[in-house]
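J.: just coords:
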């Protein structure tokens, strides 16, 4: 069990739920908190959890925070350097990476090189640089424990597995988002408000959009390949509307293990902090007699093509995944700004993947450059 934590992205959904869990674990302290621009929430968190360091995305936001908490012994920093400092603080033995997007890559690598436990909630880290990140984790002996509900489920199902040769395939469950069963024509006219009405989970806007396009599940397929060192052919996806079965593992002897639970992110967050122990958790226990029928369906990749695009990029390897991810981040941001339509997300990501240069074995700087080029490609084609 960890003793002291830095949370990257403390004002977001995962960050807030992480602090809720920590408030119930009196032996766990907080070393650092980081956020984007929510100064007011960060100030409240600093007063409650007394971190040594608080980091904001910009110098302007950091200045406002410093005034808000001038009476506290909390040092305020900003930007990428601040994120990396938060991730490498000597007293923190665990870093929860709950920031959204590529901004999480460098601080995660820095924490790994300090042999921290990583409570990984930032998909982009493994999607864009999974081979590099996992190689560094092996080199430095850093634990990576997933916080995503699906990957935590797989992690739990594999606790008793001796080696990966026993695994036939991983089966990731997917809620199907707000548009399950809808036709293409309907989706051409959906609004941002429609997209953000997720049926079972309360999450940030970006991941909620990704759930609606099924890009989120595509990112999770790539993440699973990296985390569990499996080929693409051994990672499958099924639609499971109830979000009770969080994912499954099929073994070579035909046995299938699943992790079930109420749809509440605090359970996987707590496990990342207490592993290998389990502790009483505030999550409502699952009642099998009242949870209703559990159903499973194949994804409709004709209506939701982002999932197949992600699998295509996973198969290609190299910089296909960072190109796809960077383009998707930019396109989703433009959708949330009401500048493009729902299906424009796929169109723009597809174009970027096709047009951005491909490198088979990229280093970190090349990955970051491909990310930049993919975002530029989206902006260039927005009106196309």
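T.: Done, it's in. Remember, predicted model here, so these are calculated numbers, not experimental data.
J.: Am I right that residue 145 falls within a helix?
T.: No. Counting by DSSP: H, G, I helix; E, B strand; the rest coil, residue 145 is not found in a helix; it is strand.
J.: Can you verify my assumption that it contacts residue 116?
T.: No. At 11.1 Å, residue 145 does not count as touching residue 116 under the criterion of CB atoms under 8 Å. Where you see a C-beta, it was placed from the backbone N, CA and C, and this is true even at glycine.
J.: for residue 257, helix, strand, or coil?
T.: Assignment for residue 257 (three-state DSSP): strand.
J.: repeat for residue 290
T.: The local conformation at residue 290, judged by three-state DSSP, is coil.
J.: so what does the helix or strand hosting residue 60 touch, helix or strand wise?
T.: Assigned by DSSP states H and E, residue 60 falls within helix 59-68. If you count contacts as 3 or more CB pairs under 8 Å, 6 or more residues apart in numbering; DSSP states H and E, helix 59-68 packs onto helix 39-49, strand 53-56, strand 75-78.
J.: one step back: same drill for residue 145 and residue 116, tell me which one is more crowded.
T.: residue 116 (24 against 21; other CB atoms under 10 Å).
J.: Isn't the more buried one up against residue 96?
T.: No. Contact criterion CB under 8 Å: residue 116 and residue 96 do not qualify, at 10.2 Å.
J.: contacting residues for residue 33?
T.: 6-7, 10, 15, 42, 45-46, 49, 51, 53-55, 86 (CB atoms under 8 Å, 6 or more residues apart in numbering).
J.: Switch these over to TSV; also include pLDDT and distance to residue 264.
T.: Compiled in TSV, the contacts of residue 33 are given as follows (pLDDT from 0 to 100; distance: CB to CB, whole Å):
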residue	pLDDT	distance to residue 264
6	98	23
7	98	18
10	98	19
15	97	16
42	98	24
45	98	21
46	98	26
49	98	21
51	98	25
53	98	29
54	98	27
55	98	28
86	98	26
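J.: Give me the buried subset of those residues.
T.: 6-7, 10, 15, 42, 45-46, 49, 51, 53-55, 86 (16 or more other CB atoms under 10 Å).
J.: Which two of those residues have the greatest separation?
T.: 15 and 53 (14.7 Å; CB to CB).
J.: From residue 19, how far off is the residue lying farthest from the centre of the chain?
T.: Going by CA atoms, centre = their mean, the residue of the chain most distant from its centre is residue 71, 34.4 Å out. For residue 71, the distance to residue 19 (CB to CB, to the nearest Å) stands at 21 Å.
J.: Okay, residue 344 and residue 63: tell me how far apart.
T.: 37 Å.
J.: and what of residue 11?
T.: From residue 11 to residue 63 the distance is 17 Å (CB to CB).
J.: Pick out whichever of the two has more residues nearby.
T.: Neighbour comparison, residue 11 and residue 63: the larger count goes to residue 11, with 22 against 14 (by other CB under 10 Å).
J.: Quick check on the more buried one: phi, psi?
T.: Residue 11 has phi and psi values of phi -90, psi -10 when expressed as degrees, to the nearest 10.
J.: Quick one: list the elements packing against the strand or helix carrying residue 329.
T.: Assigned by DSSP H and E, residue 329 belongs to helix 320-336. Packing contacts for helix 320-336, counted by 3+ CB pairs under 8 Å, 6+ apart, involve helix 123-140, helix 192-195, helix 205-213, helix 215-228, helix 306-316, helix 342-355, helix 364-381.
J.: Can you give the distance of the first one from its chain's centre?
T.: Using CA atoms, centre = their mean, to the nearest Å, the distance from the centre of helix 123-140 to the centre of the chain it belongs to is 14 Å.
J.: roughly how far apart are residue 130 and residue 152?
T.: 17 Å.
J.: same check, this time on residue 178
T.: Taken as CB to CB, the span from residue 178 to residue 152 is 23 Å.
J.: With neighbour numbers in mind, choose between the two.
T.: residue 152 (27 against 16).
J.: Secondary structure element for that one, which one?
T.: Using DSSP H and E, residue 152 sits in helix 149-157.
J.: What are the contacting residues of that helix?
T.: Applying CB under 8 Å, 6+ apart, the set of residues contacting helix 149-157 is 120, 145-146, 170, 172-173, 220, 223-224, 227-228, 245-249, 257-259, 263, 265, 267-268, 271-272.
J.: Report the contact partners of residue 172.
T.: 150, 154, 217, 220, 221, 224, 235, 236, 237, 238, 247.
J.: For it, which three-state class applies?
T.: Residue 172 - assigned by three-state DSSP - is strand.
J.: If I follow the layout properly, residue 32 ends up in contact with residue 7?
T.: Yes. If you go by CB under 8 Å, residue 32 and residue 7 touch, sitting 7.4 Å apart.
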